[in-house]
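I would like to see how this sequence folds:
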Amino acid sequence: MDYTALIADIRAALPALELREGEPMSRHCSFRIGGPAVAMAFPASKEELTALCALLRQKGERPLVIGRGTNILPPDEGLDRIVINTSRGLGDISPDQTRLTAGCGASLAALSSAAAEAGLSGLEFAHGIPGTVGGGIVMNAGAYGGELKDTAVLTEYLDEELRLCQAAGPEQELSYRHSFLSGRNCIALSVTFSLQPGKKDTILARMRELDGRRRDSQPLDMPSAGSTFKRPREGYAAALIDQAGLKGFSIGGAQVSPKHAGFVVNTGGASCADVLRLMEHIQKTVLAQSGVLLEPEVQLLREHEI
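Below is the predicted model of the structure:
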């Protein structure tokens with residue numbers, strides 16, 4: 001791919017689009033890890049996003065679409081790709097009686113706050129999840145017994161042919177860390193949530209309670225991608241890692257959090273290679289001691305796989 005020519009074509013076709021060349025991925029992921037992307041685009045609207053994707057498709061480029069980067073691990077060498085960041089201009093949230101429709105770039109914290117402001121209950125669990133609505137629906141984000149599948153009733157998306165589509169109810173195929181969008185080259189545009197009327201003060205109190213539990217139990221002051229591994233069929237990843245004696249274990253700048261064994265954290269200057277080596281060590285050790293092979297929850301952005 002002649003990226004110099006491609007970037008020139010993008011600028012000519014979409015002059016208002018914010019496009020940064022050589023943008024470090026470390027600035028756009030919660031791990032604070034990753035080398036530069038060829039370019040990163042920040043579409044300001046659904047129309048601009050669609051036009052950009054159509055142009056890239058015409059030129060034979062398959063972009064990587066990210067939100068706030070809270071569940072990704074980019075490579076140290078960077079990405080030979082155009083990256084589309086939806087976390088800035090696609091965050092509108094619209095209430096309609098007992099429903100909220102949110103753009104893919106809206107943060108889950110903003111979504112739950114908007115629900116509370118409207119006196120709508122059902123998204124309190126999402127307030128402390130650091131990702132966006134788009135990324136959240138792709139992986140059916142959840143915490144503290146709640147998941148987006150409990151309230152998501154309609155997802156608007158671009159399919160592989162860039163056609164505007166909708167998936168309603170069961171069509172969303174929402175299950176543990178999975179949706180109908182998982183593993184597909186589609187782009188979530190917005191999600192509509194059906195909620196229950198409630199008292200604003202009660203909703204806010206529940207959000208504060210969950211936020212306090214997170215602060216007490218999770219290393220929120222350290223760069224990480226949240227839970228590093230998915231919950232196995234039996235037990236919990238954090239408990240298995242702790243039982244294997246790995247809490248506090250480190251390789252380079254990557255460490256199993258001493259506060260919560262389910263988190264791999266960047267203690268300062270960690271590389272992607274450090275994190276990958278540590279994750280592999282955790283998997284091998286837990287497998288040897290408990291017979292459980294932990295599956296990564298963090299998305300590993302290896303160039304040949306994305």
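
mind listing the helices for this structure?
Here the chain has its helices, by DSSP state H, at 3-13, 46-58, 108-117, 133-139, 200-217, 237-243, 272-290.

Tabulate those (a markdown table), appending mean pLDDT.
Below are the helices of the chain laid out as a markdown table (pLDDT from 0 to 100):
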| stretch | mean pLDDT |
| --- | --- |
| helix 3-13 | 98 |
| helix 46-58 | 96 |
| helix 108-117 | 96 |
| helix 133-139 | 96 |
| helix 200-217 | 96 |
| helix 237-243 | 97 |
| helix 272-290 | 97 |
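
Residue 160 is nearest to which of these?
Residue 160 lies closest to helix 46-58 among the helices of the chain, at 9.6 Å (C-beta to C-beta). (Each C-beta comes from the backbone N, C-alpha and C, glycine too.)

Sort out which residues of the closest one are buried, please.
46, 48, 49, 50, 51, 52, 53, 55, 56 (16 or more other C-beta atoms under 10 Å).

Let me know the closest of those to residue 127.
residue 46 (25.3 Å).

on that earlier part again, for the helices of the chain, which one ends up most surrounded?
helix 133-139 (a mean of 27; mean count of other C-beta atoms under 10 Å).

Check the offset of that helix from the chain's centre.
Its chain's C-alpha centre and that of helix 133-139 lie 6 Å apart, by C-alpha atoms, centre = their mean, to the nearest Å.

if we can go back for a sec, save the helices of the chain as a markdown table, and put in distance to residue 76 too.
Formatted as a markdown table, those follow (distance: least, C-beta to C-beta, whole Å):
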| stretch | distance to residue 76 |
| --- | --- |
| helix 3-13 | 20 |
| helix 46-58 | 25 |
| helix 108-117 | 28 |
| helix 133-139 | 22 |
| helix 200-217 | 29 |
| helix 237-243 | 24 |
| helix 272-290 | 5 |
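
ok, back up a step: closest one of the buried residues of helix 46-58 to residue 18?
Closest to residue 18, out of all of those and judged by C-beta to C-beta, is residue 48, at 9.7 Å.

where's the closest one relative to residue 164, distance?
14 Å (C-beta to C-beta, to the nearest Å).

got the contact list for the closest residue to residue 43 other than its chain neighbours?
Distance criterion C-beta to C-beta, 6 or more residues apart in numbering; nearest residue to residue 43, sequence neighbours excluded, is residue 49 at 4.0 Å. Taking C-beta atoms under 8 Å, 6 or more residues apart in numbering, we find residue 49 in contact with 43, 84, 86, 90, 187, 189.

try it again with 10 Å
Neighbouring residues of residue 49 by C-beta atoms under 10 Å, 6 or more residues apart in numbering: 17, 41-43, 65, 84, 86, 89-90, 103-105, 158, 187, 189.

Keep only those of those that are in strands.
Residues from the contacts of residue 49 lying in strands, with DSSP state E as the criterion: 41, 42, 65, 84, 103, 158, 187, 189.

Tell me the strands beside the lowest-mean-pLDDT helix or strand in the chain, with direction?
Least confident helix or strand, the chain: strand 142-143 with a mean of 91, by mean pLDDT, DSSP states H and E. Using DSSP bridges, the strands paired with strand 142-143 in its sheet are strand 146-147 (antiparallel).

Now do the least confident helix or strand of the chain: distance to the chain's middle.
The answer for strand 142-143 is 13 Å, by C-alpha atoms, centre = their mean.

Tell me which residues are up against that strand.
Residues contacting strand 142-143 (C-beta under 10 Å, 6+ apart): 108, 125-129, 136, 148-150, 174, 176-177, 210, 213-214, 218, 226-227.

could you redo the last one with a cut-off of 7 Å?
125, 128, 129, 148 (C-beta atoms under 7 Å, 6 or more residues apart in numbering).

OK, contacts around the first one?
Okay, so that is residue 125. Contacts of residue 125 (C-beta under 7 Å, 6+ apart): 142, 143, 144, 145, 146, 210.

how much space is there between it and residue 296?
Taking C-beta to C-beta, one finds residue 125 at 23 Å from residue 296.

before we move on, what about the last one?
The gap separating residue 148 from residue 296 is 20 Å, by C-beta to C-beta.

Which one's more surrounded, these two?
More crowded of residue 148 and residue 296, by other C-beta atoms under 10 Å: residue 148, with 27 against 16.

Residue 1 versus the more buried one, what's the distance?
35 Å.

Could you do residue 43 as well?
20 Å.
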